[in-house]
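Enquirer: Let's see this in three dimensions:
(2 chains)
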Amino acid sequence: MSEFSKPVIEYGQLWPLLVIFGVACAGVLVEAFAPRALRARTQTWLSLAGLTAAFVGVVVIGTGLSDNDGWRGGIVMEGALAVDGPTVFLWGLLLLISAAGVLLFAERKLEAGVSAFAGQAAALPGTEAEREASTQGLDHTEVFPLMMFAVAGMMMFTSANDLLTMFVGLEVLSLPLYLLSGLARRRRLLSQEAALKYFLLGAFSSGFFIYGIALVYGYSGSMNFAGINEAIANSTGNRGLLLAGMGLLAVGMLFKVGAAPFQAWTPDVYQGAPTAVTAFMSAATKVAAFGALMRLFYVAFGSERWSWVPLLWVVAILTMLVGSVLAIAQSDVKRMLAYSAIAHTGFLLTGVLGARSSGVLGEGAITSTQAVLFYLVTYAFTTLGAFAVVSLVRDGSGESTHLSRWAGLGKVSPVVAGVFALFLLSMAGIPLTAGFTGKWAVFASAMSAGAWPVVLVAVLSSAIAAFFYLRVIVLMYFSDPVGPGPSVTLPSALTTSAIALGVAATVVLGIVPGPVLDLAGAMGAFVR
Amino acid sequence: MNTEPYIVLSAILFTIGCIGVLVRRNAIVVFMCVELMLNASNLALVTFAKANGNLEGQVAAFFVMVVAAAEVVVGLAIIMTIFRTRRSASVDDASLLKY
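Expert: Here you go, the predicted model:
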């Protein structure tokens, strides 16, 4: 019988994560004990306070790491989590996105005094119970704790350093998002359908993920990334198990990031979910999933690069083409942005392909980790802002997301149309916007690794994508409104500040990308 | 102990679950098939734990059970809502979102 030893928990490096978990639990208590009238305000302030405290923690940990041994960080919690440069960077980014997400969730002016979430999710659509819930002005303020749990899961997912922690993080981030997708106030059938599809497909993919874990564990005898890497380097065990396990893990991961051929859920869920939730999850899920994907493939399977890089080549090419070609055929704004998100997943995968050992890189060259981290920043704020703008264009039945209703928006509201045009230009990768510098970084990284066919397809699909982005801009500015035309509801300061954050990030990162790019570079590689 | 039969059994169960998800139409049955996939993974995890001679796989199996239970809570809630709205749990009927 081996002796039982007490585990060492590095609270000093983990407390931002624990704060978010604590805020989520406190949010559940607020739901139970606070009077209904106070709940929405209490939840908003509690979430924002928690996110701010955690962000301060991330900054403190980040600066602390740079002192010893140049941004390395280390493995904590007995090997379960890794707090290193990329972790700190992604944590900070996730917290900023979530703060903007809280602002969007708290918006009450657009629906004239109530939030965008169902008054009572249990009341059936179109019944007396639903009408009663809406006359009483009921609200599901549980969305805030659900979101905090999702954020905590995302932070855990990006920093997971063994397969089991990664799986738990994946589920903790996914389960609240399934629920949030189904809670729209308007168009509830669409929203419920989105939740069902997201849930069934998400559960299916996590089945693949966990079987992949079992097989990789069977190969290496260890759940720990370092242990797996060692087993691969010593090439012990049955290689068939490793390849099958790696493939199944890749299926689970690529589903989460929304890469082809596992992209089918993305348009349906992005369209059906409440727009505030879409804005939050399109940005945050992608950040979290790419952080975890890079850590898994670079740290655990780094020595097996020759097996997975060709796979990612094919997936990246397919994803970019599927995303940009199918987006052309869309007539719904949210669906078009969803396909554009798929195309962006492809661009991000192009950056992941640039993986090389640091020895062969020239001085000052962009590493793939740096390129992907930077692209995530540019993409996250742009997509968050774009979906926030979508929530402003409304008619009597809620948001009018059909593209024909957006014709002539430039004449009705030049500011909203201008902001949306800026986001679209950034997604298309026009110079002087964040999207251009992001694309340039990932393409440069992939080029230096010799993945020129992928970069060629990426440039080609950027051109295809530019077509449908510009089509919307032309529609907004040079078409006459059909019928009564689009109308823009003025938002409160909450949504306005979320959009302003998106605009500021898009413009600043487009004109002076240097500081953030350097920061991403200074974060160094994933710690082993 | 020869562990191979257990791995083969778990692979068979996983495949049955996977095919079930793809061909069945009732959301509850689809969900049961997902649970079958998770249980197949559990069998593989404990078998590999035995083969590798460490406990990590067994601990993981416990976590998978907990996660599966949490997934049931969320999943059945969603399926119940959509069943009450549409009077049907068929995944073919929910088809407003397409193309």
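
Enquirer: going forward, measure contacts between C-alpha atoms and count neighbours the same way
Expert: OK.

Enquirer: so where does the residue of the stretch 251-400 of chain A found nearest chain B fall, helix or strand?
Expert: Going by Cα to the nearest Cα, chain B is nearest to A:D268 of the stretch 251-400 of chain A, at 5.6 Å. Remark: A:D268 resides in helix A:265-272, with elements defined by DSSP states H and E.

Enquirer: That helix packs against which elements?
Expert: Here helix A:265-272 touches helix A:188-220, helix A:275-295, helix A:333-352, going by 3 or more Cα pairs under 8 Å, 6 or more residues apart in numbering or on different chains; DSSP states H and E.

Enquirer: Can you tell me which residues in chain B are near chain A?
Expert: Contact residues (Cα under 8 Å from any Cα of the partner chain) of chain B with chain A: B:18, B:21, B:30-31, B:34, B:37-38, B:40-42, B:44-45, B:48-49, B:51-52, B:54, B:56-57, B:60, B:63, B:67, B:71, B:74-75, B:78-79, B:81-82, B:84-85, B:94-99.

Enquirer: Show me those residues that map onto helices.
Expert: Using DSSP state H, B:18, B:21, B:30-31, B:34, B:37-38, B:40-42, B:44-45, B:48-49, B:51-52, B:56-57, B:60, B:63, B:67, B:71, B:74-75, B:78-79, B:81-82, B:84-85 are the members of those that sit in helices.

Enquirer: which stretches of the chain aren't confidently modelled?
Expert: Reading this off chain A. Along chain A, segments meeting pLDDT under 70 span A:1-2, A:66-71, A:357-365.

Enquirer: I was after chain B.
Expert: Residue ranges of chain B with pLDDT under 70: B:99.

Enquirer: A:V503 and A:P176: what is the separation?
Expert: 28 Å (Cα to Cα, to the nearest Å).

Enquirer: Comparing these two, which residue is more hemmed in?
Expert: Between A:V503 and A:P176, counted using other Cα atoms under 10 Å in any protein chain shown, the more crowded position is A:V503 (23 against 20).

Enquirer: Settle this for me: that one is touching A:V419, isn't it.
Expert: Yes - using Cα atoms under 8 Å, A:V503 is in contact with A:V419, at 7.2 Å.

Enquirer: how about the residues of the stretch 101-250 of chain A near chain B?
Expert: Counting by Cα under 8 Å from any Cα, the stretch 101-250 of chain A sits next to chain B at A:122, A:124-125, A:164, A:168, A:171, A:175, A:178-179, A:182, A:189-190, A:192-196, A:199-200, A:203-204, A:207-208, A:210-211, A:214-215, A:217-218, A:221-223.

Enquirer: hang on, A:G418 packs against A:G410?
Expert: Yes - look at A:G418 against A:G410 with Cα under 8 Å: they come within range, at 7.2 Å.

Enquirer: okay, the two: which has more neighbours?
Expert: Neighbours of A:G418 and A:G410, each counted by other Cα under 10 Å, are more numerous for A:G410; the result is 24 against 16.

Enquirer: Which of the helices or strands spans the more buried one?
Expert: Using DSSP H and E, A:G410 falls within helix A:409-412.

Enquirer: now the angle from the next helix or strand after that helix to helix A:333-352?
Expert: Remark: after helix A:409-412, the chain's next helix or strand is helix A:414-428, criterion DSSP H and E. Per axes from the mean of the first three to the mean of the last three Cα atoms, to 10 degrees, the angle that helix A:414-428 makes with helix A:333-352 is 30 degrees.

Enquirer: Please name every helix or strand in contact with helix A:414-428.
Expert: helix A:368-390, helix A:409-412, helix A:434-448, helix A:452-478, helix A:493-511.

Enquirer: how far is the fourth one from where the chain is centred?
Expert: The one in question is helix A:452-478. Distance of helix A:452-478 from the chain centroid (Cα atoms, centre = their mean, to the nearest Å) equals 22 Å.

Enquirer: So which elements touch the next helix or strand along the chain from it?
Expert: For helix A:452-478, the following helix or strand on the C-terminal side (DSSP H and E) is strand A:487-488. If you count contacts as 3+ Cα pairs under 8 Å, 6+ apart, strand A:487-488 packs onto strand A:393-395, helix A:409-412.

Enquirer: and these, which is most packed in?
Expert: helix A:409-412 (a mean of 21; mean count of other Cα atoms under 10 Å in any protein chain shown).

Enquirer: circling back: quick one, which of the residues of chain B next to chain A are buried?
Expert: The neighbour-count test (16 or more other Cα atoms under 10 Å in any protein chain shown) marks B:18, B:21, B:30-31, B:34, B:37-38, B:40-42, B:44-45, B:48-49, B:52, B:56-57, B:60, B:63, B:67, B:71, B:75, B:78-79, B:81-82, B:85, B:94, B:97 as buried among the residues of chain B next to chain A.
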